[in-house]
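1. any chance you can model this:
(chains A and B)
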There are 2 protein chains.
Amino acid sequence: MFRVSIAVLCGGVGAARFLDGLVRVVDPAEVTAIVNVADDAVFHGLHVSPDVDTILYTLAGMVDEGTGWGIRDDTHEVQAALARLGRETWFQLGDTDIATHLHRTALLREGLPLSAVTARLAEAFGVRVRVLPASDEREETHVRTDDGWLAFQDYFVRRRQRDAVREIRFDGPLTPGPGVREAVAGARVVIVAPSNPLVSIGPILAITGLRGALAATRAPVVAVSPIVGGEAIKGPAAAMLASLGHDVSPAGVARLYADFLDVMVIDERDAALAGAVAATGARPVAAPTIMRDAAAKERLARAVLDAATAHA
Amino acid sequence: MFRVSIAVLCGGVGAARFLDGLVRVVDPAEVTAIVNVADDAVFHGLHVSPDVDTILYTLAGMVDEGTGWGIRDDTHEVQAALARLGRETWFQLGDTDIATHLHRTALLREGLPLSAVTARLAEAFGVRVRVLPASDEREETHVRTDDGWLAFQDYFVRRRQRDAVREIRFDGPLTPGPGVREAVAGARVVIVAPSNPLVSIGPILAITGLRGALAATRAPVVAVSPIVGGEAIKGPAAAMLASLGHDVSPAGVARLYADFLDVMVIDERDAALAGAVAATGARPVAAPTIMRDAAAKERLARAVLDAATAHA
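-> Below is the predicted model:
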C-alpha cells in the first residue's frame, strides 16, 4: 500500500468518488481532504455543509450512489412536515441527513469550530480520511447572473443552475482552517479532485496563502480534469466555464491552475487535447477518468498516483 | 353553542384533553388557552415547548392518544441517527414533531417572539383556539431533589420523576406574554385545567400580575381537580404534593388556588371530599372528570361551564 501523505483539494460528488477510489489504494490515514465550504448554507436554522457531507457519506459507505449525495434510502418525514408548515423545501434534506445537520449546528452553537465539528462527524461515521473544511470561517460563494447576484445554493439548487454565470465572488474572511496550509505544504503528493474549478476548487484557491503554498510545494500537484469530451461529468462546470470565457476543455481547466499545476490527468478520449494541455505548462496524462464503479475509481486513483510518482 | 370568552390556564396532557372537550361545546374562537412554557427546553439546538405542542397536536387531531403527547404514528429516523452520532436522546422527538421544533426555532432566531411563533403554528395546524404562551420570555422551572437542583426536563423525562421534589423554583423575568393578562381580565369564565398545580399551573401563577388578575376578576374561576381518588390522573402531581407537604386531594389543590378560586370541580367518586374543598372557600361541584373518550371530555366541559354559570 502506498504510504505517503496526500492532500486532496475537494468539491462534492466528483471529489467524493475520487477519494473513495483513493482509499482503496492508499492508507486512508495518509489522506487529507481539504474541502470547499463556500457553498455551505443555513436551512431551517441548520448549518448544511454539502461538500463535506457528500465526502463523509461517501467514505462512510452511506451515500446515495444514484444522486452521488445524500444518504441511501433516507426518509423525508421532516421535510414533508416542514412543507406542510409552509416552509420552503427546495433544498432536499433527508431525515438521517437532518440529524447530521442538527448535530453540526448544535456543536457550532456550543462554540466548536467547523473543523472540530467535522472531525467529530468523521469519527462518528468511521471515516479515517482527515476531512478538513478549507476554512472555519464563513466563506460564501455568490454568482452574478442576468437576474443579479445570487447566493450559491439559490443558483445551484433552487434555480437549478439555469442562469448563465457572469461573475463569481467569494465573500468572507478567507482564512484557512487549522491544518489546511500545513497539509498542502507537508504533502508528498497534492491532488486537485475532478471538481468544478470555479465554484468548488476556486473558493479553496481564494483562501489566503493556499495558492502560494501550492505554487511553492516541491511535491507534484496533479489535477484530474472534470471536463471530459467537452462536457462536465456532473454539474454546471461546462456552462460556467463557457459563460465566463474559459475553454470548456482540460486545457481550459489547466490554465486556471497554471501557477501551481504539474500534471493534468485527462480522459483517454481527450488524448487529442494533450498538446493543448501541455501548452499551459502542465504535463498531460491520459487515463480512464469516468468513475462508474469501484474498479474504475481505483484505476483512476492508481493512474493519478502513478502520474505523481513519475513526475516526482 | 356557548358563546362567551373563556380563558383556560393550561399545562400539557390533562389540559389538552380538557380543551378538546371544551371546543366541542363552545366556539373555539372564544377560547384562549394560556399555556405553561416553563418546562420548555432546548434539545439538539431545537426549542421544544412540550405543553404548547401537546395542546396544538391535540386540537389539530394529530396527537398520539395513547401517550397523550407527540404525533400519532410519527417516525423516529432523526432520533435514531442522532443516537448513532452519540447524542443523548432521552427526550423523545418524532420526525414530524422535529419539523415543528425546527420551524419554531428558526422563527425565534429570526426574531419573532414565542407568542407570534405559536400563533403561526396554530394557524398552520388549523387550530382555532387562541393558544398563548404564558410568557414570551424564558421562564424556567427547576426542582430541588435529594440530588440537588435539576432542570425540569431532567427531573421529568430523563430521571422519570423518580426523585422526591423538595422545592420548586421558577427562574426568569416572569413577564406575561402579550394578551395573557388581558385574556384573564376580560374572560367571562376562567378555567384552571386539570393540570399539575405545582409545575404546570404554578409557573403561570408565578408570572407577574396573573394571580392578582385572577383574584380581581368578577368572572367565575373554576378549577378541575387533577387529583382523583388520592392519585394524579397522569404524572407526578400526587408525589410532588405529598413531598412538598400538601394534601393529596382536591382540597389540597383548592388550597393552592384559595386566593382566586370560586369553584372546584371534583370527581364524583371524591364526593365525600366536598366538605374539605368547601372549607378552602371554593364551592365543590362533583362530576365525572375522567376523560376516557370524546363523550367524556364533552361531558366534563359541560359540567365545568354549568358550574361557572351557576356561580355567576
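2. check contacts around the nearest residue in space to A:Leu241 that is not next to it in sequence.
-> Spatial nearest neighbour of A:Leu241, chain neighbours left out: A:Val248 (4.9 Å); criterion: Cβ to Cβ, 6 or more residues apart in numbering or on different chains. C-beta coordinates here come from the backbone N, C-alpha and C atoms, glycine included. If a contact means Cβ atoms under 8 Å, 6 or more residues apart in numbering or on different chains, then A:Val248 has A:Ile227, A:Gly230, A:Glu231, A:Ala238, A:Leu241, A:Ala242 as its contacts.
3. just the buried ones from these?
-> The neighbour-count criterion (16 or more other Cβ atoms under 10 Å in any protein chain shown) marks A:Ile227, A:Ala238, A:Leu241 among the contacts of A:Val248 as buried.
4. what is the nearest of those residues to A:Ala206?
-> Closest to A:Ala206 out of these is A:Leu241 (17.1 Å), distances taken as Cβ to Cβ.
5. can you tell me the SS state at that closest one?
-> The three-state label given to A:Leu241 by DSSP: H, G, I helix; E, B strand; the rest coil is helix.
6. hmm, A:Pro226 and it touching each other?
-> No. A:Leu241 is beyond contact range of A:Pro226, at 9.7 Å (criterion: Cβ atoms under 8 Å).
7. which bits of chain A sit near chain B?
-> Taking Cβ under 8 Å from any Cβ of the partner chain as the measure of proximity, chain A contacts chain B at A:44-46, A:74-75, A:77-82, A:84-87, A:95-96, A:98-100, A:102-103, A:105-106, A:109, A:121, A:124.
8. how about the contacts made by A:Val117?
-> If you count contacts by Cβ under 8 Å, 6+ apart, A:Val117 has them with A:His103, A:Arg104, A:Leu107, A:Leu108.
9. quick one: which of those residues sit in helices?
-> The helices, defined by DSSP state H, take in A:His103, A:Arg104, A:Leu107, A:Leu108 from the contacts of A:Val117.
10. go ahead and confirm the last one touches A:Ala116.
-> No. Judged on Cβ under 8 Å, A:Leu108 makes no contact with A:Ala116 at a distance of 9.4 Å.
11. show me the shaky parts of chain A.
-> A:1-3, A:312 (pLDDT under 70).
12. next up, the contacts around A:Val253.
-> A:Pro197, A:Ala223, A:Ser225, A:Pro226, A:Ile227, A:Leu241, A:His246, A:Met264.
13. mind listing the helices in chain A by residue range?
-> A:13-22, A:50-59, A:77-84, A:95-109, A:114-124, A:152-153, A:180-186, A:201-205, A:210-216, A:237-243, A:250-256, A:274-278, A:294-311.
14. for the first one, which outside residues touch it?
-> With contacts defined as Cβ under 8 Å, 6+ apart, helix A:13-22 is touched by A:6, A:8-10, A:31, A:33, A:35, A:51, A:54-55, A:57-59, A:63, A:68-69, A:129, A:191, A:193-196, A:200, A:224, A:226, A:233-235, A:291, A:294, A:296-301, A:304.
15. what of stretch A:176-186?
-> Residues from elsewhere that reach stretch A:176-186, judged by Cβ under 8 Å, 6+ apart: A:5, A:7, A:32, A:34, A:113-115, A:130, A:132-136, A:190, A:207-210, A:213-214, A:216-217.
16. among the residues you listed, the buried ones, what's the ChimeraX command?
-> The buried residues among the contacts of stretch A:176-186 can be selected in ChimeraX (16+ other Cβ under 10 Å) with this line:
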select /A:5,7,32,34,113,114,115,130,132,133,134,135,136,190,207,210,213,214,217
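17. inside strands: which ones of the contacts of stretch A:176-186?
-> Among these, DSSP state E puts A:Ala7, A:Thr32, A:Ile34, A:Arg130, A:Leu132, A:Pro133, A:Val190 in strands.
18. can you name the two of these that sit furthest apart?
-> Within the ones in strands among the contacts of stretch A:176-186, A:Pro133 and A:Val190 form the most distant pair, 17.6 Å apart (Cβ to Cβ).
19. ends of stretch A:259-271, what's the gap?
-> 23 Å (Cα to Cα, to the nearest Å).
20. please apply the same query to stretch A:255-269.
-> 20 Å.
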